[in-house]
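Chemist: Sequence and computational prediction follow.
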Amino acid sequence: MYALGYLLVALAKVIDWVLVFVLIVVFARVVLSWVNPDPFNPIVRFINNVTEPILYPIRTKLPLNFGGLDLSPIIVFLGVMFLRSFLVKTLLTAGYRLI
């Protein structure tokens with residue numbers, strides 16, 4: 001049972017780090033949309049390539065554009081916060097109870 005507990009704790013921590021990375025990259029995408037960067041810059045291309053698969057399905061299912069303002073990053077932020085507070089904490093609690 002100890003191994004399963006440690007596995008759940010490690011899985012929760014990895015998921016938490018991935019979700020924090022998603023938050024940072026989506027926030028960087030929002031900031032880049034304000035300044036009109038060079039689209040051929042490798043960093044800008046990386047950020048666009050990482051965030052587009054996350055934001056595009058939200059844009060197609062929920063067209064949240066008000067006056068040219070895209071609100072899909074807000075939905076992503078809310079989803080990530082929900083996953084961090086529900087999924088990660090549930091896995092951590094279950095893992096610590098098994099240890």
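Modeler: Happy to help now that I have it.

Chemist: drop to CA atoms for contacts and neighbour counts, all remaining ones
Modeler: OK.

Chemist: List the backbone torsions phi and psi for Gly67.
Modeler: phi 60, psi 40 (degrees, to the nearest 10).

Chemist: Let me see the contact set for it.
Modeler: By C-alpha atoms under 8 Å, 6 or more residues apart in numbering, no residues touch Gly67.

Chemist: Against which helices or strands is the host helix or strand of Phe21 packed?
Modeler: Per DSSP states H and E, Phe21 falls inside helix 2-35. Judged by 3 or more C-alpha pairs under 8 Å, 6 or more residues apart in numbering; DSSP states H and E, helix 2-35 is in contact with helix 42-61, helix 72-83, helix 89-98.

Chemist: export the second one as CSV, just CAs?
Modeler: Listed in CSV are the C-alpha atoms of helix 72-83, where the atom choice follows Å, rounded to 0.1, in the frame of the first residue of the first chain:
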residue,chain,number,x,y,z
SER,A,72,-11.1,31.6,-24.1
PRO,A,73,-8.0,32.0,-21.9
ILE,A,74,-10.2,32.9,-19.0
ILE,A,75,-12.0,29.5,-19.4
VAL,A,76,-8.7,27.8,-19.5
PHE,A,77,-7.6,29.6,-16.3
LEU,A,78,-10.8,28.5,-14.6
GLY,A,79,-10.5,24.9,-15.8
VAL,A,80,-6.9,24.7,-14.6
MET,A,81,-7.7,26.2,-11.3
PHE,A,82,-10.5,23.7,-10.9
LEU,A,83,-8.2,20.8,-11.7
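
Chemist: where does the chain dip in pLDDT?
Modeler: Within the chain, no stretch has pLDDT under 70.

Chemist: one more time with 80, if that's ok
Modeler: Residues of the chain that meet the criterion pLDDT under 80 lie in 63-68.

Chemist: Go ahead and flag the most central residue of it.
Modeler: Nearest to the mean C-alpha position of the chain, by C-alpha atoms, centre = their mean, lies Val22 at 3.2 Å.

Chemist: contacting residues for Gly68?
Modeler: Contacts of Gly68 by C-alpha under 8 Å, 6+ apart: none found.

Chemist: quick one: it from Ser33, how far?
Modeler: Between Gly68 and Ser33 the distance is 12 Å, computed by C-alpha to C-alpha, to the nearest Å.
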